[in-house]
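J.: Sequence isn't available, so here's the structure alone:
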């Protein structure tokens with residue numbers, strides 16, 4: 001098989017790691033803009049002109065006037081002053097600016113390394129796909145914001161979930177590329193041990209991704225503000241109206257899939273313990289188990305305290321850590337069988 005990297009391996013690795021870190025920062029800033037109510041502060045999509053923020057009093061008044069025409073101002077923030085508007089403007093501006101920076105940081109070195117033929121055509125197309133998905137993500141983000149600029153000052157929960165899902169997909173593709181570049185050849189494990197380990201890990205990772213999307217729906221629908229008890233939902237394990245009320249149903253799924261993710265990983269580790277031992281994955285599994293425990297605890301606390309900003313952001317940050325760690329384990333399991 002043709003090697004992925006022909007030259008500049010270290011430089012390519014550092015470049016991809018920097019891009020992945022920027023994407024992770026983008027996700028966290030996006031979470032802050034959503035949870036702080038800043039996401040609807042900029043009411044127009046200006047891919048080029050929007051790079052420059054308001055620079056003088058007149059430009060600030062114009063930006064504020066545009067916001068004053070929005071449903072969020074009319075129905076939620078009618079008493080907001082210009083100085084208060086600036087507080088919610090800057091997180092959304094930084095979020096959009098960082099998106100542009102990521103595009104440039106990814107695209108320019110991509111062209112440079114491609115011109116030097118530093119990687120195979122197959123790897124080059126993978127990277128081009130990541131860049132194209134990043135461009136689509138900008139459009140998805142604007143469509144999400146636009147959904148909250150008409151009548152109801154709330155963005156579509158489905159579009160929010162799509163926006164977050166694509167962000168995680170971009171991060172995942174970058175992390176996978178990093179692992180492909182940095183990993184060394186591994187010996188094949190016993191097929192008898194590897195097949196169930198690989199199948200089980202794939203199913204568990206899919207469940208984890210579903211849980212992340214449900215978390216986005218929870219945020220988009222404010223479903224964390226109802227049933228703020230645990231382990232029951234206001235004293236019931238099967239609450240009234242479970243199938244009739246979307247908030248109840250989404251929170252019920254998010255709670256119970258969290259349990260499946262936590263218990264499911266422990267079961268996978270136990271039933272594949274010989275494989276884990278032979279493949280030297282014990283430390284990796286222990287690390288993931290610790291992250292799951294932290295994430296589960298944060299999830300319960302976020303629910304009990306009605307999703308305060310700091311706890312909700314911590315919950316999202318640990319979700320990122322868990323996703324990357326789980327992806328790393330999936331990559332190791334796959335490489336052991338190839």
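T.: Received it, and whenever you're ready, just let me know what you need. Predicted model only: the values in this text are computed from it and were never measured.

J.: Show me the shaky parts of the stretch 101-250 of the chain.
T.: For the stretch 101-250 of the chain, the stretches with pLDDT under 70 are 184-190.

J.: do that again at 50, thanks
T.: Counting by pLDDT under 50, the stretch 101-250 of the chain shows no low-confidence range.

J.: can you map out the strands along it?
T.: Ranges of strands within the stretch 101-250 of the chain: none, based on DSSP state E, counting those that start in this stretch.

J.: can you give me the helices in the stretch 51-200 of the chain?
T.: Ranges of helices within the stretch 51-200 of the chain are 57-68, 71-75, 82-115, 121-146, 157-182, 191-221, based on DSSP state H, counting those that start in this stretch.

J.: and the shortest one, how far from the chain's centre?
T.: Looking back up the chat, that one is helix 71-75. Relative to the mean C-alpha coordinate of its chain, helix 71-75 is positioned 28 Å out (CA atoms, centre = their mean, to the nearest Å).

J.: If we go by neighbour counts, what in it is buried?
T.: Across helix 71-75, burial judged by 16 or more other CB atoms under 10 Å covers 71-73. Every C-beta, even on glycine, is put in place using the N, C-alpha and C of the backbone.

J.: Now do the residue sitting furthest away from the middle of the chain against residue 64, distance only.
T.: Most distant from the centre of the chain: residue 58, at 36.7 Å, with distances by CA atoms, centre = their mean. As judged by CB to CB, to the nearest Å, residue 58 and residue 64 stand 11 Å apart.

J.: Check residue 152 too.
T.: From residue 152 over to residue 64 the distance is 21 Å, taken as CB to CB.

J.: Just confirm residue 225 contacts residue 307, I think it does.
T.: Yes: the pair residue 225 and residue 307 passes the contact test of CB atoms under 8 Å, sitting 6.4 Å apart.

J.: ok now do residue 116, which residues does it touch?
T.: Going by CB atoms under 8 Å, 6 or more residues apart in numbering, residue 116 touches 7-8.

J.: Domain-wise, how is this protein divided?
T.: 1-182, 187-338 (automatic domain parsing).

J.: so who does the residue nearest in space to the middle of the chain touch?
T.: Most central in the chain under CA atoms, centre = their mean is residue 168, positioned 3.9 Å from the mean C-alpha point. By CB under 8 Å, 6+ apart, the contact list for residue 168 reads 27, 209, 212, 323.
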